[in-house]
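Trainee: everything below, folded, please.
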Amino acid sequence: SWLLILPRSIIFLHIPKAAGTTLRYIIQYQAPPQGIYELYGPASGHRDRLRKLQQLSPRRLAQLQVVNAHLGFGLHEYINRPCTYFTILRHPVSRVLSMYSYLGKTRPGFQERLSLEEFVGTCPHFAHNNMTKYLSGVKLAIQLREPGLGEADCDRRHPITEDTLAIAKRNLVEHFTVAGLVENLPASLLLLQRLLGWELPCLQSNVSHSQSKLATLPPSTLALIEHHNQFDLQLYDFAQQRFQQQLADLGPDFAREVDQFHQANQRDRRQKLLYQLRSYYNRATHRLYKHLVRHYA
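Mentor: Numbering: from 1, shown residues only. Okay, here's the model as predicted:
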């Protein structure tokens with residue numbers, strides 16, 4: 001199936017709190033460890049990671065099937081071969097709620113120090129138009145900032161405007177084979193299968209459910225989140241229209257395939273168990289490979 005996309009590399013633009021963990025596991029089904037290049041870690045190391053990516057040998061580049069990164073658009077300029085992107089977007093309000101919940105779980109005392117409203121008002125690097133930043137290339141500029149400059153300070157130096165939104169939309173159309181939606185993950189994954197020739201395991205989503213939180217959100221808080229994510233809301237609507245058009249272009253048979261895939265994942269416990277076991281194996285294999293490369297390459 002990889003003959004469908006070679007000799008391009010696929011870049012997964014991993015937007016935080018938008019099904020990225022699920023997609024990372026699925027990516028591990030598609031290629032051996034040497035075919036996947038991951039760019040994760042502290043911001044202080046981004047420049048060095050991209051320098052190493054630029055310096056890959058022709059042999060290593062030829063193996064490069066998927067680049068998986070928490071970095072903004074523009075990564076293709078550091079890869080000396082043709083590339084295409086894919087990403088998963090999420091409704092901006094749900095994404096902000098999920099980010100606040102995640103920080104509360106991973107940073108002790110975070111939610112005690114900052115209410116949701118304070119978080120939205122004072123943390124632009126987490127809660128203001130992040131998807132527009134990622135798809136426009138602004139995020140990569142922030143991530144590659146000069147050492148010693150804080151992300152929040154650098155974020156304020158890159159105001160998001162209508163022009164930024166226009167760039168994000170243009171990049172989406174010109175560079176992304178698939179821009180799926182968390183809110184329709186089964187169809188998004190099947191679109192990846194159809195357009196990139198991927199093998200799909202049983203769907204085991206790691207996406208936190210924020211619909212119940214959304215339903216109980218005070219109107220003033222909802223308005224605050226929407227105010228700080230006006231461009232993300234417009235970008236999401238644009239991506240949603242493009243996504244629906246892609247599905248429509250594939251016809252009614254594809255719609256039935258999506259429904260069957262969704263139903264199968266709801267009821268097939270054996271496949272879910274196999275997915276979990278294989279995911280554990282894949283993760284262990286990829287971690288071992290990265291360890292060996294890091295210490296013996």
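
Trainee: isn't residue 214 right up against residue 92?
Mentor: No: counting by C-beta atoms under 8 Å, residue 214 sits too far from residue 92 to count as a contact (11.3 Å). (C-beta placed from N, C-alpha, C; glycine too.)

Trainee: who has more neighbours, the two?
Mentor: Legend: neighbour count by other C-beta atoms under 10 Å for residue 214 and residue 92, higher for residue 92 (25 against 14).

Trainee: buried residues, stretch 58-71. List them.
Mentor: Neighbour counts over stretch 58-71 (16 or more other C-beta atoms under 10 Å) mark 63-71 as buried.

Trainee: distance to residue 199 and pLDDT for those - can I get that in CSV?
Mentor: Compiled in CSV, the buried residues of stretch 58-71 are given as follows (distance: C-beta to C-beta, whole Å; pLDDT from 0 to 100):
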residue, distance to residue 199, pLDDT
63, 18, 87
64, 19, 90
65, 13, 91
66, 13, 94
67, 19, 95
68, 17, 94
69, 22, 93
70, 24, 92
71, 26, 96
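
Trainee: quick one: which of those sit in helices?
Mentor: Counted as lying in helices by DSSP state H, out of the buried residues of stretch 58-71, are residue 63.

Trainee: which single one of the buried residues of stretch 58-71 is nearest to residue 20?
Mentor: residue 70 (7.7 Å; C-beta to C-beta).

Trainee: list the contacts of the closest one.
Mentor: Contact partners of residue 70, counting by C-beta atoms under 8 Å, 6 or more residues apart in numbering, are 14, 16, 20, 39-40.

Trainee: if we can go back for a sec, ok, which pair from the buried residues of stretch 58-71 is furthest apart?
Mentor: Top of the distance list for these (C-beta to C-beta): 63 and 70, 21.9 Å.

Trainee: roughly how far does the residue lying closest to residue 160 once chain neighbours are set aside sit from residue 233?
Mentor: Excluding its sequence neighbours, the residue lying closest to residue 160 (C-beta to C-beta, 6 or more residues apart in numbering) is residue 129, at 4.7 Å. In this view, residue 129 and residue 233 are 9 Å apart by C-beta to C-beta, to the nearest Å.
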